[in-house]
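**Student:** got a sequence here, can you build the structure:
(one chain, ligands or ions: 1)
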Amino acid sequence: MENKRPEWSSYISFIIAAVGSAVGLGNIWRFPYIMGKCGGAIFLLVYLLLIAFICVIPLSVELAVGKSYKGDPITIYDKINPKLKIFGYLCLITSILIPCFYFVVGGWILNYMWIFLVNSIPADFAQYFGTLNSNPIIPVALTLIFLLISLVFPFIGLNKGIEKANNIMMPIFVVMLIILAGYALTLPGAKEGLEFMFKPDFSKFNSEMILLALGQALFTLSIGIGIMMTYGSYLKKDVNILKSSYTLIFFDTLVAVLAGIMIFPIVFTNGIEPTAGATLVFISLPQIFLTLPFTRILAFVFFTLLFFAAVTSGISLLEASLSCYSEYFKMTRKKAAVLVFILTSAIAIPASLSFGMLSDFKILGKTFFDFLDFSTSNILMPLCTTAICIVAGWIIPHIKQEAFGINFYAKILGFLLKYILPVILLLVLILGLR
Ligand code: PFF
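**Tutor:** Predicted structure coming up:
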């Protein structure tokens, strides 16, 4: 008996799960620090333009290709033309590698939830974070726990696992985010924080900003590993793809902006630099929480919020490879889940040790963690995105109608897809290699 492909039980469940995939560490951890480094409001402006008019194209294309060709990325490329299967494999490799560093951050989040819930709170977070990462066991164990939590739901299946988890976690996440952003607005640094976010200083504009904004937009929309193809493949026939993409972009951007509204007033209230970088969330912010009333509750809610964001994205990351194993390689979900666990742990363990025991182990001058981040965000994701744009624009042009519709705006998007996007993406790829 042939197994019927699963479908989303409702359109809303699809939107919630796709937003769950898009909204993640990229919005709350990465977006504010890149924006901080790139001068605030001017970066936001560039980012908004790019996400609304450029990144909407690959997002719609991935969803439309999934919806039309029904399958995991390898099956889909195989159906289009067996010679293109290599791009399906590239998607699979990307979906194996991203969780291996993403879940290390997930492990740190679990650790911080724990200390703010029950443990004694450290006085100096810079020192604490260093000590935590030089421990050979704790970060590894936490990474694996995070992996198991994220794996349970795709293992259970689409409707009872992935949908249920998102339907519960995402609303709680939104409520927590609104409460924390509202709280941040009552702080003395709120005005300065809001000005930093919304009052553009055009003199800070530079071309590197465009590249960073594009990379961030692709990452946050989960484009370039095939998950949007996979999620699109569970869609029913009558869904409007372009409308869905804009809904997704709207909520994803709203969350990123709310995350900024939550973080920058806190940062300015305490006079630290908004350019603190990747350690902003794990060193600077916790340090600031110590100076605010209700430290424990505030910090615990903040890290729980990060946890929900990371798990819902983690679920989609694992579903991307799980769907390949179970559909293309015809494994049972159980076997596929075991394989995902083994592969991810084998790569994630050295990644989580690369801040301590393995800090001297370098590939191309980067620690293993940084190398995974660099090779996926700067090379594999832009490469897979370029591939799907070229394939959709030139080899299966009928997909344009499914992705964009048939009006004048659709024609513009179709033109951009065919002639402009490949050039822009190749540029991102080449410049990202520097
Ligand atoms: N979009 C997620 C974030 O912003 O954190 C990261 C991500 C999830 C990337 C799933 C790729 C993916 F397939």
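**Student:** buried set for the helix or strand where V338 lies?
**Tutor:** Assigned by DSSP states H and E, V338 falls within helix 333-352. For helix 333-352, burial by neighbour count (16 or more other Cβ atoms under 10 Å) applies to 333, 336-337, 339-341, 343-345, 348-352. (Glycine included, C-beta is placed from N, CA and C.)
**Student:** and those residues near the ligand, which?
**Tutor:** With Cβ under 6 Å from any ligand atom as the criterion, those include none near the ligand.
**Student:** and the most centrally placed residue in the chain, how close does it get to E319?
**Tutor:** Nearest residue to the geometric centre of the chain (Cα atoms, centre = their mean): T220, 4.3 Å. Remark: distance between T220 and E319 (Cβ to Cβ, to the nearest Å) = 18 Å.
**Student:** the residue nearest to the centre of the chain and the ligand, how far apart?
**Tutor:** Using Cβ to the nearest ligand atom, to the nearest Å, T220 is found at 4 Å from the ligand.
**Student:** which stretches of the stretch 251-400 of the chain form strands?
**Tutor:** 362-363, 366-367 (DSSP state E, counting those that start in this stretch).
**Student:** if you compare those, which one is most tucked away?
**Tutor:** Among these, strand 366-367 has the highest mean neighbour count (mean count of other Cβ atoms under 10 Å), at a mean of 16.
**Student:** and that strand, how far from the chain's centre?
**Tutor:** Average the C-alpha atoms of strand 366-367, do the same for its chain, and the two points are 21 Å apart (Cα atoms, centre = their mean, to the nearest Å).
**Student:** so where's this protein uncertain?
**Tutor:** Counting by pLDDT under 70, the chain shows low-confidence ranges at 1-3, 275-278.
**Student:** so which bits of it are right by the ligand?
**Tutor:** 21-22, 24-27, 98, 219-220, 222, 225, 227, 313, 316-317, 320.
**Student:** so which of those sit within helices?
**Tutor:** The helices in this structure, assigned by DSSP state H, contain S21, A22, L25, I98, F219, T220, I227, S313, S316, L317, A320 from the residues of the chain next to the ligand.
**Student:** could you report the neighbour count for the first one?
**Tutor:** Just to be clear, that refers to S21. By the criterion of other Cβ atoms under 10 Å, S21 has 27 neighbours.
**Student:** before we move on, what about the last one?
**Tutor:** Number of residues near A320 (other Cβ under 10 Å) recorded here: 29.
**Student:** do you know how far it is from L254?
**Tutor:** For A320, the distance to L254 equals 24 Å [Cβ to Cβ].
**Student:** same question for the first one.
**Tutor:** S21 is 16 Å from L254, where distance means Cβ to Cβ.
**Student:** same question, the fourth one
**Tutor:** Using Cβ to Cβ, we find I98 at a distance of 24 Å from L254.
**Student:** the two - which one has more neighbours?
**Tutor:** Neighbours per residue, other Cβ under 10 Å: of I98 and L254, the larger number sits with I98, 29 against 15.
**Student:** correct me, but the more buried one touches L317?
**Tutor:** Yes: counting by Cβ atoms under 8 Å, I98 touches L317, with 5.6 Å between them.
**Student:** give me the contacts around stretch 80-100.
**Tutor:** Residues from elsewhere that reach stretch 80-100, judged by Cβ atoms under 8 Å, 6 or more residues apart in numbering: 69, 72-78, 147, 150, 224-227, 229, 314, 317-318, 320-321, 324, 328, 343-344, 347-348, 351, 372, 375-376, 380-381, 383-384, 387-388, 391, 395-396.
**Student:** rerun that using 6 Å as the cut-off
**Tutor:** Residues outside stretch 80-100 that contact it (Cβ atoms under 6 Å, 6 or more residues apart in numbering): 73-74, 77-78, 225-226, 317, 320-321, 324, 343-344, 347-348, 351, 372, 376, 380, 384, 387, 396.
**Student:** pretty sure the residue nearest to the centre of the chain contacts G26?
**Tutor:** Yes: in this structure T220 lies within contact range of G26 using Cβ atoms under 6 Å: 4.1 Å.
**Student:** what about the closest residue to N240 other than its chain neighbours, how many residues nearby?
**Tutor:** Spatial nearest neighbour of N240, excluding adjacent residues (Cβ to Cβ, 6 or more residues apart in numbering): G405 at 7.5 Å. For G405, the neighbour count with other Cβ under 10 Å is 18.
**Student:** sounds good, over and out.
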